[in-house]
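> The following block contains a protein sequence and its predicted model.
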Number of protein chains: 2
Amino acid sequence: MTTLVFGHKSPDTDSTGSPIIWSWYLNQIKGVAAKPVLLGEPNTEALFVLDRWSLEKPEIITDVAADTPVVIVDTNNPAELPAGINDADIQGIIDHHKLVGGLETKGPIDIRIEPLACTATIMWKMIGKDMAQAPTAVKGAMLSCILSDTLEFRSPTTTQEDKAIAHDLAKDLGVDISEYAAEMFAAKSDVSAFSEAELLRMDSKEYAVGGKQFRVSVLETTSPAQVLDRKDALMAAMPGVADEDGADQVLLFVVDILQEEATLLVPNDLVKSVAEKSFDASVSGDIVVLPGIMSRKKQIIPNLKV
Amino acid sequence: MTTLVFGHKSPDTDSTGSPIIWSWYLNQIKGVAAKPVLLGEPNTEALFVLDRWSLEKPEIITDVAADTPVVIVDTNNPAELPAGINDADIQGIIDHHKLVGGLETKGPIDIRIEPLACTATIMWKMIGKDMAQAPTAVKGAMLSCILSDTLEFRSPTTTQEDKAIAHDLAKDLGVDISEYAAEMFAAKSDVSAFSEAELLRMDSKEYAVGGKQFRVSVLETTSPAQVLDRKDALMAAMPGVADEDGADQVLLFVVDILQEEATLLVPNDLVKSVAEKSFDASVSGDIVVLPGIMSRKKQIIPNLKV
């Protein structure tokens, strides 16, 4: 049976590219029939990356049948995976997020989680000398994943390993990192086609803090004005999205990749209190700028207080 | 703060040796202050191994204080770890068991789980070229862990990697594998000092199957008669042990390492039914011999039916 390789339900570049990389490795190097799939529509940056490297857009699936062999990448959180995930035959997990608990496997399997910025970086290490056989498109996907997850090395999640591997890949591919990253971020920043509800859910994870359930959404962009011009409509859409998704509140952080700061929308007193207690911010209007805040994983979630 | 490295609550050779190996690596190679500890009294084989390689017996602890940095080896099961484990600062997990779910970490950490016979084999791979700097005692512990968990390569959990690494280590150390393994197994087989309740808990894990909670105990030995001579007393002790530990039934498999078979004690109709349904065995008396059964992980647990 073909092994399905997939990331989380909101496919960004790493969750789109890493399944492609690992499926290549399984098929071509390990002799295991494998296929990359997606659990949702990829974001605009991921679509740009697929196009740039002439990669086929993987099929989108919504559930996995029991006993299907699967490799999970870029998450270990059952909430970000199909409902039937623990009935699948989980063959491997490759991830760079904290261990959430909840996934169970039928036997001992290969699990590799490392505190690096990007899943593709871990894959590069696991593939080792076989990287020499990787086609250009696989190397291109790998470079794209690293530049995306590190925000071109600006994110505090960036490690020396991510950086060194990205530079190696760029040299090998003849890609100018700054130019290419700017194209990727421009693609990600073009959110004109999305509704407010879609923007609030685009790169979003749920967390429980102080008895409240938050949908913590991040929009990384090089043109924050394009999002902030729609702030009234975005705030108006928040209660409906929170309600549908079983959350108490949506927190939307608009991350300015170039200025290295986040703007948090403040629709009510709950979010005002979160901003003040979590980020020591002084809030007067309906937005607050948080200098230096770029990473949900490293800076937002660990500090979240109600 | 010193990082504590420990395995599970019933320290066998792998759960005693692997913390020693990894603490050496953290201290001497990674420059991280680390200390091996045990969560219980090591079994007689592990004590023999400590003595053989002049290794100090690690301190036994029963709980970890909140925020203590820890590395967990040879398990990922919270039930086999101190109650406060999720309040510790889990820095890493190195294991070769199925993912049980339940451990949570505060951030992304190093997790490495592989379907190999032995934790020490995974460590050998992770340490890589730095193994050249390992002292004799660390290499001796590593070889011992592999021979113990593979039952000198007889267990079906054995992989080519475990075997090749053990042969390399033995050559390097000038150890005759057959002779040394026989000494280890003789040490493990000397259980005269233990009470029946201690024997039932010595190498035991709890599993829920078909609405029943089983304490699945395995005694690996080269002299099964020494255990089976005490079968009436062992069966008499089962209800008390099950009761104290919140289980419905103890299953005791006496694994004959040399004959490559297990003898299951059959004190009642429940166990008779388990034996018949799980292993297609025909049971007449109060024991049943199960040819070829050596591994709880690979052969007993996956087949357990009520």
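Yep, that arrived. Numbering: from 1, shown residues only, chains lettered A, B, ... in the order given.
> From now on I want contacts and neighbour counts done on CA atoms only, so please keep to that.
OK.
> Got the phi and psi for the closest residue to A:L265 other than its chain neighbours?
Excluding its sequence neighbours, the residue lying closest to A:L265 (CA to CA, 6 or more residues apart in numbering or on different chains) is A:I287, at 4.6 Å. Backbone geometry at A:I287, expressed as degrees, to the nearest 10, gives phi -140, psi 160.
> and A:I287, how far is that from A:A275?
Using CA to CA, to the nearest Å, A:I287 is found at 10 Å from A:A275.
> same question, A:D269
Counting by CA to CA, the gap from A:D269 to A:A275 is 10 Å.
> related to what we said a few turns ago, tell me who's in contact with the residue nearest to A:L265.
A:T263, A:L264, A:L265, A:V266 (CA atoms under 8 Å, 6 or more residues apart in numbering or on different chains).
> Closest to chain B out of those?
Among those, A:L264 lies closest to chain B (CA to the nearest CA), at 22.9 Å.
> other SSEs contacting the helix or strand hosting A:G240?
Per DSSP states H and E, A:G240 falls inside helix A:231-244. With contacts taken as 3 or more CA pairs under 8 Å, 6 or more residues apart in numbering or on different chains; DSSP states H and E, helix A:231-244 sits against helix A:196-202, strand A:249-256.
> nearest to B:T157, of the ones you listed?
helix A:196-202 (43.7 Å; CA to CA).
> Okay, buried residues for the closest one please.
Within helix A:196-202, the residues scored as buried using 16 or more other CA atoms under 10 Å in any protein chain shown are A:E196, A:A197, A:L199, A:L200, A:R201, A:M202.
> Write out the residues of chain A neighbouring chain B.
With the criterion set to CA under 8 Å from any CA of the partner chain, chain A comes near chain B through A:96-115, A:297.
> Tell me if I'm right that A:L26 and A:I20 touch.
No. The pair A:L26 / A:I20 is not scored as a contact, 10.0 Å apart, by CA atoms under 8 Å.
> Okay, now the sheet partners of the lowest-mean-pLDDT helix or strand in chain A, with direction.
Every helix and strand of chain A was ranked by mean pLDDT, DSSP states H and E. The lowest is strand A:204-209, at a mean of 90. Next to strand A:204-209 in the sheet, as set by DSSP bridges, lie strand A:212-221 (antiparallel).
> Would you mind listing the outside residues contacting the strand it pairs with?
Residues outside strand A:212-221 that contact it (CA under 8 Å, 6+ apart): A:185-186, A:188-189, A:199-208, A:242, A:246-257, A:296, A:306.
> now these: which count as buried?
Using 16+ other CA under 10 Å, the buried ones in those are A:185-186, A:188-189, A:199-206, A:242, A:247-257, A:296.
> Looking at A:D269 and A:A275, which is more packed in?
Each of A:D269 and A:A275 has its neighbours counted (other CA atoms under 10 Å in any protein chain shown); A:A275 has more, 25 against 9.
> And that one, how close does it get to B:V216?
Distance from A:A275 to B:V216, by CA to CA: 51 Å.
> cool, and A:M235?
From A:M235 across to B:V216, the span is 56 Å (CA to CA).
> would JSON lines of the helices and strands packed on helix A:231-244 with distance to A:A166 and mean pLDDT be doable?
Converted to JSON lines, the helices and strands packed on helix A:231-244 look like this (distance: least, CA to CA, whole Å; pLDDT from 0 to 100):
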{"stretch": "helix A:196-202", "distance to A:A166": "26", "mean pLDDT": "95"}
{"stretch": "strand A:249-256", "distance to A:A166": "22", "mean pLDDT": "97"}
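> Next, format those as a markdown table and append distance to A:L4.
Supplementary listing: the helices and strands packed on helix A:231-244 in a markdown table, determined by distance: least, CA to CA, whole Å:
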| stretch | distance to A:L4 |
| --- | --- |
| helix A:196-202 | 23 |
| strand A:249-256 | 32 |
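> Could you say which one of the ones you listed comes nearest to A:H167?
Of the helices and strands packed on helix A:231-244, nearest to A:H167 by CA to CA is strand A:249-256, at 23.4 Å.
> Tell me where chain A has strands.
With DSSP state E applied, chain A shows strands at A:3-6, A:34-38, A:59-60, A:69-73, A:89-95, A:110-113, A:204-209, A:212-221, A:249-256, A:261-265, A:287-291, listed in chain order.
> Lowest mean pLDDT across the ones you listed, which one is that?
Between these, the one with the least mean pLDDT is strand A:204-209; it has a mean of 90.
> A:S178 is nearest to which of the strands of chain A?
Closest approach to A:S178 among these is made by strand A:212-221 (15.2 Å; CA to CA).
> buried set for that closest one?
For strand A:212-221, by 16+ other CA under 10 Å, it's A:Q213, A:F214, A:R215, A:V216, A:S217, A:V218, A:L219, A:E220, A:T221.
> what about the residue lying closest to the fifth one once chain neighbours are set aside, distance to chain B?
If I follow you right, that is A:S217. Once flanking residues are discounted, A:S217 sits nearest to A:S204: 4.1 Å by CA to CA, 6+ apart. According to CA to the nearest CA, to the nearest Å, A:S204 and chain B sit 18 Å apart.
> so who does A:S204 touch?
A:S10, A:R215, A:V216, A:S217, A:V218.
> what sits against A:I177?
A:E152, A:H167, A:A170 are the contacts of A:I177 under CA under 8 Å, 6+ apart.
> before we move on, back to that, would you list the contacts of A:I287 in CSV and tack on neighbour count and distance to A:D51?
Formatted as CSV, the contacts of A:I287 follow (neighbours: other CA atoms under 10 Å in any protein chain shown; distance: CA to CA, whole Å):
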residue, neighbour count, distance to A:D51
A:T263, 21, 30
A:L264, 22, 32
A:L265, 24, 33
A:V266, 23, 36
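> Any chance of CSV for the residues you listed, columns distance to A:I146?
CSV is the format used below for those (distance: CA to CA, whole Å):
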residue, distance to A:I146
A:T263, 24
A:L264, 25
A:L265, 28
A:V266, 31
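> how about the residues you listed, which pair is most distant?
Farthest pair in the contacts of A:I287 (CA to CA) is A:T263 and A:V266. Separation: 9.4 Å.
> Between the two, which contacts overlap?
By CA under 8 Å, 6+ apart, A:T263 and A:V266 have these common neighbours: A:I287, A:V288.
> domains of chain A?
A:3-187, A:196-303 (automatic domain parsing).
> ranges for the helices of chain A?
A:13-24, A:44-52, A:119-127, A:136-150, A:160-173, A:177-189, A:196-202, A:224-228, A:231-244, A:269-279 (DSSP state H).
> This completes my enquiry, with thanks.
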